[in-house]
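Trainee: sharing a model prediction with you, sequence too.
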Amino acid sequence: MSLEPQRFAAPADVARLGRNALVVGAIGAAASVAGYLSDPAQFFRSYLVSWLLWLGIAAGCLAIAMLHHLSRGAWGLMIRRVLEAGSSTLPLLAILFLPIALGLTEIYPWARPDEVAHDEMLQYKTWWLTPGAFYLRAAIYLAIWSGLSFALNRLSQRQDETGDPGLFRKMQTIAAPGILIYALTATFASVDWLMSVDAHWYSSLFGVYFIGGQGLAALSFVVIMALYLAKREPMKGILGANHFHDYGKLMLAFVSLWAYFALSQFLIIWSGNLKEEVLWYKERTEHGWNIIALGLIFLHFVLPFLLLLSRDLKRRGRPLLWIALLLLVMRWVDLYWQAGPAFSPHGLTFHWLDLATLVAIGGLWFAAFSRRLARRPLLPVNDPFMEETLDHE
Amino acid sequence: MSAPGAARLHGLMAEFRSARSLIRACERTHEAGYRKTDAYTPYPIEEVFEALHLHRSKVPLLVLIGGILGCLGGFALCYWTSVIEYPMNIGGRPHNSWPSFIPVTFETTILVASFFAVVGMLALNGLPMPYHPVFNVKRFALASRDRYFLVIEAEDSRFDAEETRRFLASLEPTEVFDVEP
């Protein structure tokens, strides 16, 4: 099998998809701006959840890419370009953080001085939860993740150009500390951005729960893209049932991991039965939010878990596509269920801005993603393990 | 059926020098309609399973049944002890506190599923097996080193000592052996 990079140029469809996404994103952005003018508070709250979804996919791509560099599995080489393109959008997401920074008082109770003045618990937490420190920390998290993705992408680019077989060691040297740093920063970021919408509540498992969700969302997105590419030249015939079998197994593992974290957090708080902790679950299991909670149990865990047990479903493209789409939607539902009750504890509500901001950020994000994907060959042909991987097929 | 007078055989064995030639031979054997076949290689080769259509094992189904039994059994155990036989007031919680049953339920699910996997695997593949006719062929020892073997058993309905020998020879093996029972 010849391994010229030109043979693996991305299909023209990818660029077209990106242009369409840009148009859709622009329409979503216009709708979001209109929403902001009519109801700023709702805009910021919807925006937070939407931003967290797309951020999770990009950051999850970075984490899985680092995992691949460290484990060197054959599964990773086939989707490395998707992971690299996904993680390279982190600087864009850092810019898209700005609306959250501007709407702090609409989103977070600890950012409202009049509320803090009457709340001893919030006063106690001001050593961590203050706007200045929040901005600084957000800048640090986003800079670190963007930096990691930039460094790994640059080495990968150099591997394409020079074919130096030693470069994969350098990638491992970045990925090993990188994955540790990512786990720590993502934990703090989850506390800052999502947990603190209900500033009274705390859970030490929240960070891993957040990271597990990110990993699952990123993997689902990657599987959808891989299925898309497998239908088109040049990946047609190269990405096959064996690879999707592997991705299905990984999805099953991530689904189980997510459920494990979700249950552990619930079980510990349920057992402790302390007022400050259980209230978070109480708000999320009544007034209509209970339907979402049940939906999470059955559609984020039970159904995908049972379906992914089947060997045939993992190896066939179409069922896997539907499972991945379901998991992406449920990731959004999960985020909405965590943040939403803090904004409307007296009943489950949806607002058209939830959808508009999701489409706005998603469209812009996907346009950036596909631009990056189209720029380089779809396989890292100079990777020292590439030939072995293709031979294995 | 073997010709009258000829010694009954366990089957016929062909030796191959490379994995690729074995895979090709397996494919052609399956195409020719032979079903009581087996291949022996020094390391697992995914394509051989596919070529001989060996993937349809009953073990996954057994594991699933074991998992379901373990899941129901574990929960029933917790329910029986905490609600029926020894109801106790623990921190004012209801007797049927299902969240606290889940860790036990999870563990028994894994336990019974893995028991079913190991015992089911042994029951279906017939291990431990102190005697197997293939070892009557001296060169078969190389199956754990660098040679690849394909056996068509005499039990196969299409088996005919002469015709099957010709068929195996047409697959370009290095040699074809009779496997004494």
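Mentor: Done, it's in. Numbering: from 1, shown residues only, chains lettered A, B, ... in the order given.
Trainee: show me what from the stretch 151-300 of chain A comes close to chain B.
Mentor: Taking Cβ under 8 Å from any Cβ of the partner chain, the part of the stretch 151-300 of chain A that reaches chain B is made up of A:242, A:263, A:266-267, A:270-271, A:273. From N, CA and C alone the C-beta is placed, and that goes for glycine too.
Trainee: which ones among those map onto strands?
Mentor: Among those, no residue falls in strands (DSSP state E).
Trainee: need the worst-confidence member of those residues.
Mentor: Minimum pLDDT across those is recorded for residue A:242, with 80.
Trainee: mind checking the SS state of the nearest residue to residue A:26 once chain neighbours are set aside?
Mentor: In this structure, residue A:26 finds its nearest non-sequential neighbour in residue A:363, 6.9 Å apart by Cβ to Cβ, 6 or more residues apart in numbering or on different chains. The local conformation at residue A:363, judged by DSSP: H, G, I helix; E, B strand; the rest coil, is helix.
Trainee: so for residue A:363, what's the pLDDT?
Mentor: According to the predicted model, the pLDDT of residue A:363 comes to 91.
Trainee: and it, what is it in contact with?
Mentor: A:21-29 (Cβ atoms under 8 Å, 6 or more residues apart in numbering or on different chains).
Trainee: got a markdown table for these, with secondary structure, pLDDT and neighbour count too?
Mentor: As requested, the contacts of residue A:363 are arranged in a markdown table below (DSSP: H, G, I helix; E, B strand; the rest coil; pLDDT from 0 to 100; neighbours: other Cβ atoms under 10 Å in any protein chain shown):
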| residue | secondary structure | pLDDT | neighbour count |
| --- | --- | --- | --- |
| A:21 | helix | 83 | 21 |
| A:22 | helix | 84 | 17 |
| A:23 | helix | 88 | 11 |
| A:24 | helix | 87 | 17 |
| A:25 | helix | 87 | 21 |
| A:26 | helix | 86 | 15 |
| A:27 | helix | 88 | 14 |
| A:28 | helix | 86 | 21 |
| A:29 | helix | 85 | 17 |
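Trainee: any idea which of the residues you listed is closest to chain B?
Mentor: Using Cβ to the nearest Cβ, residue A:21 comes nearest to chain B of the contacts of residue A:363, at 37.7 Å.
Trainee: and the closest one, how far from residue A:374?
Mentor: 12 Å (Cβ to Cβ, to the nearest Å).
Trainee: pop out the phi and psi values for the closest residue to residue A:325 other than its chain neighbours.
Mentor: Distance criterion Cβ to Cβ, 6+ apart; nearest residue to residue A:325, sequence neighbours excluded, is residue A:224 at 6.7 Å. Residue A:224 has phi and psi values of phi -60, psi -50 when expressed as degrees, to the nearest 10.
Trainee: any idea how far residue A:224 lies from chain B?
Mentor: 26 Å (Cβ to the nearest Cβ, to the nearest Å).
Trainee: got it, and residue A:90?
Mentor: 36 Å.
Trainee: what's the neighbour count on the closest residue to chain A within chain B?
Mentor: In chain B, the residue that lies nearest chain A is residue B:99 (5.1 Å; Cβ to the nearest Cβ). Other residues lying near residue B:99 total 13 when counted by other Cβ atoms under 10 Å in any protein chain shown.
Trainee: buried ones in the helix or strand where it lies?
Mentor: Assigned by DSSP states H and E, residue B:99 belongs to helix B:98-125. Using 16 or more other Cβ atoms under 10 Å in any protein chain shown as the test for burial, helix B:98-125 gives B:101-102, B:105-106, B:108-109, B:112-113, B:116-117, B:120.
Trainee: could I get these as TSV with pLDDT and distance to chain A?
Mentor: Converted to TSV, the buried residues of helix B:98-125 look like this (pLDDT from 0 to 100; distance: Cβ to the nearest Cβ, whole Å):
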residue	pLDDT	distance to chain A
B:101	92	10
B:102	92	6
B:105	95	11
B:106	93	9
B:108	96	16
B:109	95	12
B:112	96	16
B:113	95	11
B:116	95	14
B:117	94	13
B:120	93	16
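Trainee: just curious, which of those is nearest to residue B:45?
Mentor: Each of the buried residues of helix B:98-125 was scored against residue B:45 by Cβ to Cβ, and residue B:117 proved nearest at 22.5 Å.
Trainee: which residues touch that closest one?
Mentor: B:59, B:62-63, B:66.
Trainee: quick check on the residues you listed: which are buried?
Mentor: B:62-63, B:66.
Trainee: surely the residue of chain B closest to chain A and residue A:269 touch.
Mentor: No. Residue B:99 lies out of contact with residue A:269 (Cβ atoms under 8 Å); the separation is 9.9 Å.
Trainee: tell me how far stretch B:9-28 is from the chain's mean position?
Mentor: Centroid displacement of stretch B:9-28 relative to its chain, using Cα atoms, centre = their mean, to the nearest Å, is 19 Å.
Trainee: so what's the residue count around residue A:194?
Mentor: The burial count for residue A:194: 19, using other Cβ under 10 Å.
Trainee: I'd say it and residue A:335 touch.
Mentor: Yes. The pair residue A:194 / residue A:335 is scored as a contact, 7.3 Å apart, by Cβ under 8 Å.
Trainee: any common contacting residues for the two?
Mentor: residue A:52.
Trainee: pLDDT at the residue nearest the centre of chain B, what is it?
Mentor: By Cα atoms, centre = their mean, the mean C-alpha position of chain B lies nearest to residue B:125, the distance being 5.2 Å. pLDDT, residue B:125: 84.
Trainee: quick one: it from residue B:54, how far?
Mentor: Noted for residue B:125: a distance of 11 Å to residue B:54, by Cβ to Cβ.
Trainee: who are the contact partners of the closest residue to chain B within the stretch 151-300 of chain A?
Mentor: Proximity of the stretch 151-300 of chain A to chain B (Cβ to the nearest Cβ) peaks at residue A:270, 5.1 Å away. By Cβ under 8 Å, 6+ apart, the residues touching residue A:270 are A:278, A:281, B:99-100.
Trainee: lowest average confidence, helix or strand, in chain A?
Mentor: Least confident helix or strand, chain A: helix A:386-392 with a mean of 63, by mean pLDDT, DSSP states H and E.
Trainee: tally of neighbours for residue 87?
Mentor: You didn't say which chain, so I picked chain A. Neighbour tally, residue A:87, other Cβ under 10 Å: 28.
Trainee: chain B, not that one
Mentor: 12.
Trainee: quick one: it and residue B:95 touch, right?
Mentor: Yes. Between residue B:87 and residue B:95 there is a contact under Cβ under 8 Å: 4.8 Å.
Trainee: now do the helices in chain B.
Mentor: B:19-31, B:46-52, B:59-79, B:98-125, B:161-169 (DSSP state H).
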